[in-house]
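A.B. asks: just need the structure, nothing else, for what follows:
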Amino acid sequence: MNLPTLPRLKQTLLTLTQWYGDFQALLVLEQEKIVSSDTQALAGIVHQKEEMALRIQGAEEERLALFAESARILGLPETALKLDRIALMLPAQEAQELLVLRRGLQTAVTQAKALNEVNTQLLKDAVAYVQTAFELVTGKRNVTSGYGRLGKTTSEVRVRRNLVNTTV
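C.D. replies: Numbering: from 1, shown residues only. Okay, here's the model as predicted:
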């Protein structure tokens, strides 16, 4: 089968995979800056991430347009056309190339998503830490742990009959 959009589709998948790899590198750098609390560098990285996200979005729109054009050429509805279906219509070697590109893109997207979730959690934890510290400094939160008047910590381990009933 000769699909005129196939070379452009392959190139778009390859470009997307590379850009997601670049996005992952930015996410790792962002993670380092979050951990080191380098807010100035973090702001620059966030700006770079936004630019990269816009490029990725443009490539995704191009990919969707290529799918729509391919579906029109093949006489199929857009929603019915997937890379697997295109691969079934191709010779074995071309199908394998297309599926390898798809797997690479899926892996890159999954890894970027995981890194982004970790960074989001790190940011949430950092904000919670700052908020707790602020509440302690302003007196909005009482400190309930620490040393009592007898010089002992207020939390003691009490072992009852078995370890299941142990309280701290």
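
A.B. asks: now do the helices in this protein.
C.D. replies: Here the chain has its helices, by DSSP state H, at 6-36, 39-74, 83-88, 92-138.

A.B. asks: by mean pLDDT, show me the worst of those.
C.D. replies: Here the lowest mean pLDDT among those goes to helix 83-88, at a mean of 89.

A.B. asks: tell me the buried residues in that one?
C.D. replies: 83, 86, 87 (16 or more other C-beta atoms under 10 Å). Every C-beta, even on glycine, is put in place using the N, C-alpha and C of the backbone.

A.B. asks: repeat that for stretch 111-119.
C.D. replies: 112, 115, 116, 119.

A.B. asks: over to stretch 24-38?
C.D. replies: With burial defined by 16+ other C-beta under 10 Å, the residues of stretch 24-38 counted as buried are 24, 26, 27, 29, 30, 31, 33, 34.

A.B. asks: what's the closest non-adjacent residue to the second one?
C.D. replies: Yep, that's residue 26 we're talking about. Excluding its sequence neighbours, the residue lying closest to residue 26 (C-beta to C-beta, 6 or more residues apart in numbering) is residue 49, at 5.2 Å.

A.B. asks: still on that earlier bit, could I get the buried residues of helix 83-88 as a markdown table with distance to residue 68?
C.D. replies: Listed next are these as a markdown table, based on distance: C-beta to C-beta, whole Å:
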| residue | distance to residue 68 |
| --- | --- |
| 83 | 14 |
| 86 | 13 |
| 87 | 18 |
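
A.B. asks: which among those gets closest to residue 39?
C.D. replies: residue 83 (41.2 Å; C-beta to C-beta).

A.B. asks: surely that closest one and residue 98 touch.
C.D. replies: Yes - at 6.1 Å, residue 83 counts as touching residue 98 under the criterion of C-beta atoms under 8 Å.

A.B. asks: the nearest residue to residue 60 once chain neighbours are set aside - how many residues pack around it?
C.D. replies: Distance criterion C-beta to C-beta, 6+ apart; nearest residue to residue 60, sequence neighbours excluded, is residue 16 at 7.0 Å. Look at residue 16: counted by other C-beta atoms under 10 Å, it has 21 neighbours.

A.B. asks: so how far is residue 52 from residue 16?
C.D. replies: Separation of residue 16 from residue 52 (C-beta to C-beta, to the nearest Å): 11 Å.
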